[in-house]
Structures are given as C-alpha cells and as structure tokens.
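[1] Coordinates for the following, if possible.
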Amino acid sequence: MLRERTSTHGPDARTGKYPPTRRMESKLDGWRVPVTRQKYSFPERCLPPFPSPSPPIPAFPAPSRRQQIVKMTPRWGWGFCLILLIIACEAGRDFYKILGVPKTANTNQIKKAYRKLAKEYHPDKNKNDPSAEEKFKELGNAYEVLIDEEKRQKYDRCGEECVAKEDGFGGMDPFASFFGDFGFSFGGGHPREREVPRGGDITMDMMVTLEELYVGNFVEMVRNKPVLRSASGTRKCNCRQEMVTRQLGPGRFQMTQQQVCDECPNVKLVNEERTLEFEIEPGMVDGQEHRFIGEGEPHIDGEPGDLVIRIKTQPHEKFERKGDDLYTNVTLSLQEALLGFELDIEHLDKHKVHIVREKPTWPGARIRKKGEGMPNYENNNLFGTLYITFDVEFPKSEFSQADRDELSRILNQESIGHVYNGLRGY
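    Residues are numbered from 1 along each chain as shown. Coordinates of the predicted model:
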C-alpha cells in the first residue's frame, strides 16, 4: 500500500517557510521502503557566494615561442635545412682529411701517410691516451676505403654512407697486414699462439741502395707461390694419436695408442704468380725485416708461413753509413789545402752541401755538418750528422830551384823531424 507523506526540510527563500518534500513510502510488512525522492530547495542565505566570471577557455592553447617561429618560417626554408641535414649525414667522415692526403693522392701517398700516422697513434705506444685507439681505428677505416679502388670510387661519389651500406667495413687490421713486423716492437703485444699447423717461413734478402733508404721507395716483387686448390677425392687429415682401451678378459684391460684421422676434401698445390709491394721507408737500417703474413710455405692441414724480407744495403761509392750518421772523404789539392777552398757535395737526394774553408787543411782533418746525415727511422724530421774527412794530394812533379826557393821563403818553416808512436798517439 502506497501513501503520500509531506515533510519539511528548510524555509523557502521568499516566504521563509519550509517547503514540503514529497516522498512515497510503501508499507510492506511493517517496513518503509523509499520509492522516489524529490529535489531539495536551499535558502538563499545558505548558498555559496557566486564566483567571479573567469575568462573563456580557448578551444586551442596559445602557440609557444617555438611554434611561432615555426609558423613564421617559410616551408621552403625547412625543406632546405632538411636537404642540408641529409647531405651532412651522407657525407660522414672525411677520410682524406683523416689521412692528411689530397683527393688526388695516389696509392703510394696513401700508404705512406697511413704508415706514418699508424705508428704515431698505435695503442701500444699510447697506453695512457684513450683517444689514440679511436684515432687508430679511424685511420684503419680510412685506409681500407681509399686503398681499394672500387670502394674509393663509391666514397668519392656519395661518401661514407654508400661504402658502409654496400660494402661495410671488414674490420681488417691494415697495420698488421700492410706493415707486418718491421723489426720494432711496441712492447704491449704478445706472440699469438697458433692452434693449427703452420708452414715454414721464407727469408729473402733485398738489396737496396743508400738513396732508397734516404728518400724511401716502393718496390714491387713478383714471385711464384704454391697455393692450395681443391682436387677430386678425399684425403686423411687432422691425424692424431689417441689411447684405445681393449678388454682382454674379466678384470683385464689393455691400453694401446693408435693414429686416428679425419676425412677431408682433397687438395693440390698449384703455383700462382703473386705481386707483392714492399715499402722502403726513410731511415730503415741494414738487417731490418718486413714480414708478409701468409706468404710463406703452405701447409696442407693448416695455414701458410710468412715471407720475411730482410734489408741489405748496397755499398755506396761516396758515403758510408753508421747508424744515422754518414761518412765521406774529400781529396784536396795542395793549393786548396794551403790557401782554402769552396766546394759542393752532392747528397743522396741530389741537394748540395756547401763547404767553405779559408784556413789551411791538413791531411786527415775532419769537419761535421749537422742535420746532413740519414733520417731517423722513428722520426723522419730528425737527421744524423755528415762527417767529412779531407785528404791532400801532393804534386808529383819536381819543383825547379827557383820554385823551391820561393816556397821556402813563403812557408818559412824549419824541419821538425819529430818521431813518435802513431798508434798510441804520442
């Protein structure tokens, strides 16, 4: 059964009376269940103060300073910047600048520049400089690209990005493959341990001139090298000794050693013509070695040995070398020895060494010319000393009596006749 009930909740704003609130209740077994609810009216004095009007919220936020700049920038300007960014990314590193060579540099210039810089920035020589290793890697990447004609053309056409995308960098160590072992050690390396059989090394003497050791040179060598090539059939390989246990009876065993081999594809040795390029560096010394990795005797079950080129200096008609110093002799006439002289000595690279002497020169006299010797191998900006020893050639013809008298008057010397032990110096 439903019935309507009126209740008051608060006074009316105009009349001060509480308005009735309609509420429907259901009487069901003594329980009152609310069915609907009405809205309440609040008096004016109970309402909260009306807030001040706020500015309207825009549909879109105001543009930032950056957005204003973007809006003011013409579209073609951003396109131009994008093109420049793409060009900069594609250009990558300047390999010519890294090696310090012009874009017209030939192969020998590239090799020479890389050799010099690689020795300078080798990590074993710069253990306290972390940037040296990164510089050394950059040099290797630059050399790997510029020494390969095909990669160099791609690099010149569209930069490092083209080479890295099409060919990539092989992770080669040009310092090891190009230089090998020149007889110097950086002190940080250890000889590599070979786990596979290795062919024998071949040592060859190369006769070089003193001029080549002074200015440097590139020498090409052509040799016939036996190379392993595939052949029909199979062969035994990787043979080794293994222990085999055999049971002879209850509690009785016998251990024997026998040879066990694998089966590998057959190979044969074929002579092939190989061209090797060897750089004679300024300042290299007699007996210094250059190692070509893998160019020695082949091994049918392993890797080939190395080819070792050993420097041998040819005798020179004018100069003798001792370390970084040069020695030469000059023969003077008696007149030059007495009155002085002026002469030029042609050096190994054809430049002239000028000598002026205005006082008497005795046989065996020696003068020094600093900086006119051989270049230092580690630092080609340093040079040794040129030692010049003088000999005096006396006239072979006899003087007339008048000439003798004139010479005696001019020289005005008495006989010395000092006898001494020349070997001991007194």
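[2] if I look at Tyr155, how far off is Met204?
    35 Å (Cβ to Cβ, to the nearest Å). In this view, the C-beta of every residue, glycine as well, is placed from N, C-alpha and C.
[3] Between those two, which is the more surrounded one?
    Tyr155 (23 against 12; other Cβ atoms under 10 Å).
[4] A helix includes the more buried one, no?
    Yes: membership of Tyr155 in a helix is supported by DSSP: H, G, I helix; E, B strand; the rest coil.
[5] got a list of what it touches?
    The contact partners of Tyr155, by Cβ atoms under 8 Å, 6 or more residues apart in numbering, come to 95, 145-146, 162-163.
[6] Looking at those residues, which one is closest to Thr385?
    For these, the closest approach to Thr385 (Cβ to Cβ) belongs to Leu146, at 37.6 Å.
[7] close enough to count as contact, that closest one and Ile110?
    Yes: counting by Cβ atoms under 8 Å, Leu146 does reach Ile110; the two are 5.2 Å apart.
[8] got any residues that touch both of these two?
    99, 101.
[9] the more surrounded of these two?
    Ranked by neighbour count (other Cβ under 10 Å), Leu146 and Ile110 place Leu146 first, with 25 against 20.
[10] Next, give phi and psi for the more buried one.
    phi -70, psi -20 (degrees, to the nearest 10).
[11] Enumerate every residue touching it.
    95-96, 99, 101, 105, 110, 152, 155.
[12] which stretches of the stretch 201-350 of the chain form strands?
    For the stretch 201-350 of the chain, applying DSSP state E, counting those that start in this stretch gives strands covering 202-208, 217-249, 252-280, 289-292, 307-313, 320-322, 325-333, 341-346.
[13] I'd like the ones you listed written out as a markdown table, with distance to Arg404 and mean pLDDT added.
    A markdown table is the format used below for the strands of the stretch 201-350 of the chain (distance: least, Cβ to Cβ, whole Å; pLDDT from 0 to 100):
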| stretch | distance to Arg404 | mean pLDDT |
| --- | --- | --- |
| strand 202-208 | 52 | 93 |
| strand 217-249 | 55 | 84 |
| strand 252-280 | 56 | 85 |
| strand 289-292 | 62 | 88 |
| strand 307-313 | 48 | 94 |
| strand 320-322 | 39 | 96 |
| strand 325-333 | 19 | 96 |
| strand 341-346 | 24 | 94 |
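[14] will you turn those into JSON lines that also has distance to Ser415?
    Shown next, in JSON lines, are those (distance: least, Cβ to Cβ, whole Å):
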{"stretch": "strand 202-208", "distance to Ser415": "52"}
{"stretch": "strand 217-249", "distance to Ser415": "56"}
{"stretch": "strand 252-280", "distance to Ser415": "55"}
{"stretch": "strand 289-292", "distance to Ser415": "58"}
{"stretch": "strand 307-313", "distance to Ser415": "47"}
{"stretch": "strand 320-322", "distance to Ser415": "37"}
{"stretch": "strand 325-333", "distance to Ser415": "24"}
{"stretch": "strand 341-346", "distance to Ser415": "27"}
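[15] do you know which of these lies nearest Lys127?
    strand 289-292 (23.8 Å).
[16] In terms of secondary structure, what does the closest one contact?
    strand 252-280, strand 307-313 (3 or more Cβ pairs under 8 Å, 6 or more residues apart in numbering; DSSP states H and E).
[17] which of those is buried the deepest?
    Sort the helices and strands packed on strand 289-292 by mean neighbour count, taking mean count of other Cβ atoms under 10 Å, and strand 307-313 sits at the top with a mean of 19.
[18] And the helices in the stretch 51-200 of the chain?
    65-72, 75-91, 95-99, 107-121, 130-146, 149-158, 160-166, 174 (DSSP state H, counting those that start in this stretch).
[19] how about the fifth one as CSV, C-alpha atoms only?
    What that stands for is helix 130-146. The C-alpha trace of helix 130-146 is given here as CSV (Å, rounded to 0.1, in the frame of the first residue of the first chain):
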residue,chain,number,x,y,z
PRO,A,130,92.2,6.6,-24.7
SER,A,131,91.6,8.7,-27.8
ALA,A,132,94.6,7.2,-29.6
GLU,A,133,92.8,3.9,-30.0
GLU,A,134,89.7,5.6,-31.6
LYS,A,135,92.1,7.6,-33.9
PHE,A,136,93.9,4.4,-34.8
LYS,A,137,90.5,2.8,-35.8
GLU,A,138,89.6,5.8,-37.9
LEU,A,139,92.9,5.6,-39.7
GLY,A,140,92.2,1.9,-40.4
ASN,A,141,88.8,2.6,-41.8
ALA,A,142,90.1,5.4,-44.0
TYR,A,143,92.9,3.3,-45.3
GLU,A,144,90.6,0.4,-46.0
VAL,A,145,88.4,2.5,-48.2
LEU,A,146,91.0,4.7,-50.0
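[20] which residues sit in contact with Phe292?
    180, 276, 306-309.
[21] Okay, the closest residue to it other than its chain neighbours and Val196: tell me how far apart.
    Excluding the flanking residues, the one nearest Phe292 by Cβ to Cβ, 6 or more residues apart in numbering is Leu307, at 4.2 Å. Here Leu307 is placed at a distance of 19 Å from Val196 (Cβ to Cβ).
[22] Lys116 now?
    Distance of Lys116 to Val196, given as Cβ to Cβ: 34 Å.
[23] what is Glu220 paired to in the beta sheet?
    Taking DSSP bridges as the rule, Glu220 bridges to Glu277.
[24] Surely it and Arg274 touch.
    No: Glu220 is beyond contact range of Arg274, at 10.8 Å (criterion: Cβ under 8 Å).
[25] picking up where we left off before, neighbour-wise, which of Lys116 and Val196 wins?
    Comparing Lys116 with Val196 by other Cβ under 10 Å, the one with more neighbours is Lys116, at 14 against 9.
[26] For that one, give me the pLDDT.
    pLDDT, Lys116: 80.
[27] got it, and the one 4 residues further on?
    Confidence per residue is given as pLDDT, and for Glu120 that number is 82.
[28] likewise Glu25?
    47.
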